[in-house]
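> got a sequence here, can you build the structure:
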Amino acid sequence: MTLAPGYRLHTVAPSVEDYCALRLESGLSPKTAEQGEAAIAGSWAIRSVTAPDGNTVAMGRIVGDGGWYFLIADMATLPAHQGQGIGSAILDALLDEIRDRVPAGAYVTLTADPPGRRLYESRGFEDVAPGRTGMHLVLR
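The predicted structure is shown next:
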């Protein structure tokens, strides 16, 4: 996927401030700066996109063990920049990184809001629910 003119895909993380703002402004749950720092540091791979004005407008990252298990996380694009293929470019770059660095057989998971479903299905993601249980726990 090619980005629109002026947008640039980067292999570096957004700043912690941009990370927190991207999550909040794109509708993901808010995180503290401390959580953002840890998330960025714990990423196996990360991508960010800047707009023509140089501001960070999107991100996505991978959390993984480096061998076979990977989680696509924090896929976020600011609303004013959605619909321009930015999410597709980030997802494709992240999946390519797994393909390039890991032996065949990697298991890639994600949790997505309904608007992202079409993007993920177009890349071959399938529901894990049939015959399985999807669960989560938020520690307080």
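> pick out the residue nearest the middle of the chain.
Nearest to the geometric centre of the chain sits residue 60, at 2.4 Å (Cα atoms, centre = their mean).
> residue boundaries of the strands in this protein?
For the chain, the strands defined by DSSP state E occupy 8-10, 45-50, 56-64, 69-77, 107-110.
> and residue 29, what are its phi and psi?
When quoted as degrees, to the nearest 10, the phi and psi of residue 29 stand at phi -60, psi 140.
> test my guess that it contacts residue 23.
Yes - judged on Cβ atoms under 8 Å, residue 29 makes contact with residue 23 at a distance of 6.9 Å. Every C-beta, even on glycine, is put in place using the N, C-alpha and C of the backbone.
> list the contacts of the residue nearest to the centre of the chain.
Under the criterion of Cβ atoms under 8 Å, 6 or more residues apart in numbering, the neighbours of residue 60 are 46, 47, 72, 73, 74, 75, 76, 87, 90, 91, 94.
> tell me, how many residues neighbour the residue nearest to residue 12 when sequence neighbours are not counted?
Counting by Cβ to Cβ, 6 or more residues apart in numbering, the nearest residue to residue 12 once its immediate chain neighbours are dropped is residue 48, at 6.5 Å. Using other Cβ atoms under 10 Å, residue 48 has 23 other residues around it.
> what stretches of this protein score poorly on pLDDT?
Within the chain, the set of residues satisfying pLDDT under 70 comprises 1, 129-132.
> which residues of it fall in helices?
16-25, 33-41, 86-101, 117-122 (DSSP state H).
> I'm done for today, thanks for sticking with me.
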